[in-house]
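A.B. asks: Coordinates only, no sequence provided:
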């Protein structure tokens, strides 16, 4: 029971990139035995999509490759935003009100970790 809960926590952290509340379903079956001191290896595979959610297979084995637990989980995808900028500004200063009101956009402008920053520099340099 504890091992299943630990694997559920692992799935919640890995498959959802740190947002375990996005795990919608989790179904597993014990198909083998685990012994004290066994090192368990958890494999997650994206196997399907269901109603826009990712379906992940779960397979847990010990260090001797004996299966211990198998199952699946359904994970809600993160919200994705697409920004289409068009061909250029229609008027000087266009979009500055959004930039000035959004702390996130202001931080993103100077951060190489931000996808918008990477896109802007790739486009300007390429």
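C.D. replies: Great, that's in hand. What you are looking at is a predicted structure, and each value in this text was computed from that prediction instead of being measured.
A.B. asks: Quick one, grab the pLDDT at the residue nearest to residue 54 when sequence neighbours are not counted.
C.D. replies: Distances taken as Cβ to Cβ, 6 or more residues apart in numbering put residue 75 closest to residue 54, at 4.7 Å, once the chain neighbours are dropped. In this view, the C-beta of every residue, glycine as well, is placed from N, C-alpha and C. As predicted, residue 75 sits at a pLDDT of 95.
A.B. asks: Enumerate the beta-bridge partners assigned to residue 75.
C.D. replies: residue 23, residue 54 (DSSP bridges).
A.B. asks: burial of it, as a residue count?
C.D. replies: 24 (other Cβ atoms under 10 Å).
A.B. asks: for residue 71, same thing?
C.D. replies: 20.
A.B. asks: How about the one 5 residues further on?
C.D. replies: Applying other Cβ under 10 Å, we find 15 other residues in the vicinity of residue 76.
A.B. asks: unless I'm mixing things up, it is touching residue 25, no?
C.D. replies: No - counting by Cβ atoms under 8 Å, residue 76 stays clear of residue 25, with 10.2 Å between them.
A.B. asks: Thank you, goodbye.
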